[in-house]
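*Asks:* Structure for the following, please:
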Amino acid sequence: MLDETLLDTPEALARADVRGLLRGAAQAGARVRTGVRQAAEAGLDKLQPEGRPRALLVAGPGPATACVTDLLGALTSGAVPVTGLRPSGALAATGALRWSLPGWAGPLDLLLLVTPDGTEPGLIALVDQAYRRGCTVVAVTPQGAPLVDALGETRGLAVPLAPGPYQVYPSPDVPAHPLDADAAAAPPGSDGFDEGSGLGGEGVVNGGVDQDGDRGDDQDGDREERRGAGTPAGRPVGAPGTLWALLTPLLLLCDRLGLTQTGPSALTALADRLDEIAERCGPAIPPYSNPGKTLAVELSGAVPLLWSEGAIAGAAAHHWSAVLAALCGRPALTAELPEAMSAHGALLAGPFAPGSDPDDFFRDRVEEPETTHARVVLLREAAPGGESATVAARDLAYAHEAALSELEPAEGSSALEAAAELIATADFCAVYLTLADSDSPWA
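*Replies:* Alright, predicted model coming up:
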């Protein structure tokens with residue numbers, strides 16, 4: 001059950017957020033700016049490509065890799081095929097995962113590696129495999145990681161991962177969480193953030209973000225991510241803000257290759273939009289005007305049916321499903337419109353329907369647990385000028401008296417800004433559900 005009183009009290013949220021999840025979500029814009037600067041220092045802005053690659057291959061652990069793949073595919077608009085390499089292995093732990101290049105991969109293809117850890121033996125082996133095939137390799141990984149050394153030996157390019165703010169405070173009262181796995185213990189107050197970090201004096205995210213993303217402890221800022229944080233089964237979890245740190249250098253690279261329009265000016269607009277979302281969704285903003293808190297309240301006790309329209313919205317839906325499962329321990333189903341209406345239509349009329357109740361309508365329900373119903377969540381990039389399936393989707397939800405939520409970026413948003421709006425709002429929603437839901441395994 002969601003404790004809505006906690007959402008009304010910023011100080012209580014700050015005390016509950018011992019893992020810095022709100023801070024991570026709020027500093028997404030700062031990580032984009034840091035990523036742009038570090039990519040320039042790595043030489044991405046000086047690349048003189050001789051032509052476009054035949055295909056982009058993306059590999060890495062965790063749900064953030066899948067979202068990076070989806071977004072690159074959406075933003076390149078079919079200019080080149082974008083293929084995600086799925087790992088294999090006997091265990092879900094990152095150290096046991098292995099990646100393989102497809103049989104057709106060769107010198108004309110570009111391999112992109114994204115990891116907040118950089119110690120995965122499977123990725124190091126993949127670098128060697130790519131070198132033997134003649135593939136060019138670019139990796140976004142923490143500075144000083146073993147993967148960087150492997151790239152140096154094979155003429156690959158490594159771009160440092162923009163550091164994150166995650167901090168774990170050891171306490172016998174704090175239950176284990178995926179983001180805590182193997183994290184180094186550190187005393188409160190040792191995280192090294194300055195006044196421009198986006199946190200007030202009481203540790204409350206207020207939406208203000210350092211304009212260049214600088215931190216005093218860049219080398220240690222991602223220590224919790226670099227140690228391969230994972231679920232209890234060892235699968236890495238995408239902490240809020242990590243996606244943008246992994247994606248930013250690749251967007252600059254794709255711009256240099258002529259595959260996207262995501263140069264420095266577009267990334268500056270992306271960072272600004274992420275800052276705006278942090279202001280609107282910060283813990284000091286009350287639920288009635290806070291999209292993140294509003295969605296958290298609406299999704300409490302519901303099974304979200306994430307219906308998307310458009311490639312960017314589809315990527316956001318898959319990301320939302322992954323982060324709800326990883327952070328909140330909540331299931332969510334995704335489907336693209338218009339097929340979503342037939343794929344999930346039975347859920348609106350079955351046992352998860354709002355009016356489903358096989359027993360006596362007049363019985364006393366005071367002592368009974370609240371039932372779980374399906375809730376339709378419509379995600380789209382912008383108001384489409386042509387035909388849209390969202391009207392039919394609304395009509396279907398209303399016909400079954402199903403609850404409905406909608407999330408859409410502001411009119412005139414670019415594709416990159418639309419992605420920021422949909423994904424960052426989803427991150428804040430997931431964090432609030434994690435902190436305020438008493439039924440959460442990590443509460």
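*Asks:* which non-adjacent residue is nearest residue 320?
*Replies:* residue 426 (4.1 Å; C-beta to C-beta, 6 or more residues apart in numbering). Quick note: C-beta positions are derived from backbone N, CA and C, even for glycine.
*Asks:* quick one, what contacts the one you found?
*Replies:* Residues in contact with residue 426, defined by C-beta atoms under 8 Å, 6 or more residues apart in numbering, are 295, 316, 319, 320, 323, 407.
*Asks:* separation between the residue lying closest to the second one once chain neighbours are set aside and residue 108?
*Replies:* Looking back up the chat, that one is residue 316. Take residue 316 and drop its neighbours on the chain: the residue closest to it by C-beta to C-beta, 6+ apart is residue 422, 3.6 Å away. Separation of residue 422 from residue 108 (C-beta to C-beta, to the nearest Å) stands at 33 Å.
*Asks:* Compare the two (neighbour count), which wins?
*Replies:* residue 422 (26 against 14; other C-beta atoms under 10 Å).
*Asks:* ok, then the element right after the least confident helix or strand in the chain by mean pLDDT?
*Replies:* Lowest by mean pLDDT, DSSP states H and E among the helices and strands of the chain is helix 223-226, with a mean of 38. Counting by DSSP states H and E, the next helix or strand C-terminal to helix 223-226 is helix 242-256.
*Asks:* what's the angle between the helix or strand just after that following helix and helix 242-256?
*Replies:* As assigned by DSSP H and E, the chain's next helix or strand after helix 242-256 is helix 264-281. With axes from the mean of the first three to the mean of the last three C-alpha atoms, to 10 degrees defining the directions, helix 264-281 sits at 160 degrees from helix 242-256.
*Asks:* Could you name the helices and strands sitting against the following helix or strand past helix 264-281?
*Replies:* Using DSSP H and E, the helix or strand that directly follows helix 264-281 along the chain is helix 291-299. For helix 291-299, the contact count by 3 or more C-beta pairs under 8 Å, 6 or more residues apart in numbering; DSSP states H and E identifies helix 4-7, helix 264-281, strand 373-380, strand 403-407, helix 415-436 as packing neighbours.
*Asks:* Export the next helix-or-strand element following helix 291-299 to CSV, keeping only CA atoms.
*Replies:* Downstream of helix 291-299, the first helix or strand assigned by DSSP H and E is strand 302-309. What follows is strand 302-309, C-alpha atoms only, in CSV (Å, rounded to 0.1, in the frame of the first residue of the first chain):
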residue,chain,number,x,y,z
ALA,A,302,-2.4,-1.7,-10.3
VAL,A,303,-0.9,-3.8,-13.1
PRO,A,304,0.2,-1.2,-15.6
LEU,A,305,-0.6,-1.8,-19.3
LEU,A,306,2.0,0.4,-21.0
TRP,A,307,0.5,1.1,-24.5
SER,A,308,2.9,3.1,-26.7
GLU,A,309,2.6,5.0,-30.0
